[in-house]
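1. Dropping the sequence and predicted coords here.
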Amino acid sequence: MTPHKRIKLSVRSFYLDDNINDIYCEFGKTYLENNNIDEALKWFKNALDNNDTNVYNYLGNYYKNIEDIKNSERYFIFGIEKEDLKCFHNLAILYLENNINIKKAILYLKIAANGKVNKSINILARIYYFGYKQIKKDINEAIYYLNLSSQNGDNESKFNLAYLYFNGIGVLKNIDVAIGLLKEASESCERCMYFLGIIYYYNIKNEPLGLKYINKAAKWNYPKATIFLKKINSL
């Protein structure tokens, strides 16, 4: 879509939504996408005059995408000074991806997480669960963020939390809790479905139900499920 057409659509949405900052930002994004930074800044300035800190995210991500780390950092910091939580998150990601300041990245992620930015919560859960660069695995921190992330519907966090409860790592062993977490995630997570099947097959001793979940995981082309079924069928 050409910039001219995009702007026409933006104007139409402006009259429909009656939100002046949306139209300013839409114009700004349109010009950014076409690498006309001077024109984009003119429109973004209008939004900034109306205290719309989303502008700093747009500009920070624009410079990040063209690998201009200095300017990307600069605009995210402007957003942080305005206490924009998305800027805390995005600057943290910029630091992590470019190995700039890992400790400060973790600090910014925690600030965003405390502000209920789900992406920051999910990333902290993974960092503390697996460890990341100089950040060591911390099971207590991992459990804290895995719980938050799980409550936000993140299936990977539910799987990892279920694994901890199943094995009693950092928490009291509780197979029922593990099963509950896996059931919540199983409809859209093939490895959760497989893990659930294995628990029913071996631990609960309910082979038909276990095979039901494992077969479903195999239909979703989960390799471990396929291997398991081949092994069972060869006996």
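-> Sure thing, it's come through. Numbering: from 1, shown residues only.
2. ok, now how distant is K42 from I102?
-> Distance, K42 to I102, using CB to CB, to the nearest Å: 37 Å. All C-beta spots, glycine's among them, are computed from the backbone N, C-alpha and C.
3. Give me the below-cutoff pLDDT ranges for the protein.
-> Scanning the chain for pLDDT under 70 picks out 1-18.
4. Could you rerun that using 90?
-> In the predicted model, the chain carries pLDDT under 90 at residues 1-59, 61-62, 65-66, 133-134, 187, 233-235.
5. Name the helix or strand for the spatially most central residue of it, please.
-> Closest to where the C-alpha atoms of the chain average out (CA atoms, centre = their mean) is K119, at 3.8 Å. Assigned by DSSP states H and E, K119 belongs to helix 118-130.
6. buried sites along whichever helix or strand comes after that helix?
-> Later in the chain than helix 118-130, the nearest helix or strand by DSSP H and E is helix 139-151. For helix 139-151, the neighbour count (16 or more other CB atoms under 10 Å) marks E141, A142, I143, Y144, Y145, L146, L148, S149, S150 as buried.
7. I'd like to know which elements helix 139-151 is packed against.
-> Helix 139-151 sits against helix 118-130, helix 155-167, with contacts defined as 3 or more CB pairs under 8 Å, 6 or more residues apart in numbering; DSSP states H and E.
8. Please point out which parts of the first one sit buried.
-> Meaning helix 118-130. N118, K119, S120, I121, N122, I123, L124, A125, R126, I127, Y128, Y129.
9. Surely the fifth one touches S157?
-> To tie it back to what came earlier, the one meant is N122. Yes. Here N122 reaches S157: they are 6.6 Å apart, a contact under CB atoms under 8 Å.
10. circling back: as TSV, the buried residues of helix 139-151 with distance to I37 would be great.
-> TSV is the format used below for the buried residues of helix 139-151 (distance: CB to CB, whole Å):
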residue	distance to I37
E141	40
A142	41
I143	44
Y144	41
Y145	37
L146	41
L148	38
S149	36
S150	41
